[in-house]
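Visitor: fold the following and give me the result.
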Amino acid sequence: MYRYILLLSLAALPFTSCDTIKNLPGAGTYAPITEAEAAEGIRQALDQGVSRGISTLNARDGFFGNAAYKILMPPGAQRIETTLRDLGMGSMVDRAILQVNRAAEQAVVQARPIFVDALRQMTITDALNIVRGGRNSATQYFRDKTTAALITAFTPIIRSTLDQVNATKYYDEVIGIYNGFPTTQQKLNPDLVSYVAGKAVDALFDQVAQEEANIRANAAARTTDVLKRVFGAAANNRG
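Guide: Below you'll find the model as predicted:
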């Protein structure tokens, strides 16, 4: 009885946007999907998303040349940026922004072992909860499990890259002067490294989310037999 209920649950996989539950064993050529297969399907979907995300962002101009991910000066510091450009120091600002993005491009490759560890620790219960969750539930699971570790791993690489061109030193000095003005009511955060690390993590998870959505919706994106079975069975049972 439990197995029958499980099959009915899997037939209503959330990535199908299907409101009508149908019985998987009678769905064309798709045999019943086991808990282990469901778990492996989620692992493979996440691994595929991570691999493509890292490849995209780690490439030259993965951040700098992509309008969606290009890291600009922190919102509060943009007032200072405007002043510097007005004073003819725009090239210095441009160099700083370039180095910030180069730092992020170098850092994201460190995500691979962290994600592999998170996948290794994923339980069948975790996977089934993801299957029954929302359209980006796999990405959200990864975000919850790995964000702190990613920030820790990215930080030294970003700091080292920015320090090589004195970006953090100059930024800290400028922010310190600005924050010291008697007329400054809203102090700016001088921690440029944490800001860049956070932006890099956000970009990586956006890439993972895009790949998750693609696998859920697009049969051509299901590149393994397990992905085809788990996600294909759901698509075959659209109501």
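Visitor: make it CA atoms for all contacts and neighbour counts henceforth
Guide: OK.
Visitor: for the helix or strand hosting residue 84, packing partners?
Guide: Element membership of residue 84, judged by DSSP states H and E, is helix 78-86. The helices and strands touching helix 78-86, judged by 3 or more C-alpha pairs under 8 Å, 6 or more residues apart in numbering; DSSP states H and E, are helix 90-107.
Visitor: so who does residue 49 touch?
Guide: Each residue near residue 49 by C-alpha atoms under 8 Å, 6 or more residues apart in numbering is listed here: 207-212.
Visitor: so, low pLDDT: which residues of the protein?
Guide: 1-31, 232-239 (pLDDT under 70).
Visitor: rewinding a little: which of the contacts of residue 49 count as buried?
Guide: 207-209, 211-212 (16 or more other C-alpha atoms under 10 Å).
Visitor: kindly indicate which of those lies nearest residue 157.
Guide: residue 207 (20.7 Å; C-alpha to C-alpha).
Visitor: look up how far residue 62 lies from the closest one.
Guide: Separation of residue 207 from residue 62 (C-alpha to C-alpha, to the nearest Å) stands at 11 Å.
Visitor: how about the longest helix seen in the chain: buried residues?
Guide: Determined from DSSP state H, the single longest helix within the chain is helix 137-164. Across helix 137-164, burial judged by 16+ other C-alpha under 10 Å covers 137-143, 145-147, 150-151, 153-155, 157-159, 161-162.
Visitor: can you check stretch 190-206 too?
Guide: 190, 192-201, 203-206.
Visitor: from those, pick the one nearest residue 33.
Guide: Distances from residue 33 to those, taken by C-alpha to C-alpha, are shortest for residue 205, at 28.0 Å.
Visitor: by contact count, what packs against the helix or strand hosting the closest one?
Guide: Remark: residue 205 resides in helix 192-217, with elements defined by DSSP H and E. Packed against helix 192-217 by the contact rule (3+ C-alpha pairs under 8 Å, 6+ apart) you find helix 35-58, helix 90-107, helix 137-164, helix 167-180.
Visitor: swap in 10 Å and give it another go.
Guide: Applying 3 or more C-alpha pairs under 10 Å, 6 or more residues apart in numbering; DSSP states H and E, we find helix 192-217 packed against helix 35-58, helix 90-107, helix 137-164, helix 167-180, helix 225-236.
Visitor: picking that back up, mind putting the buried ones among the contacts of residue 49 in TSV, distance to residue 70 included?
Guide: Putting these into TSV (distance: C-alpha to C-alpha, whole Å) gives the following:
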residue	distance to residue 70
207	14
208	17
209	18
211	20
212	22
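Visitor: now the farthest one out in the chain, which residue is it?
Guide: residue 182 (40.0 Å; C-alpha atoms, centre = their mean).
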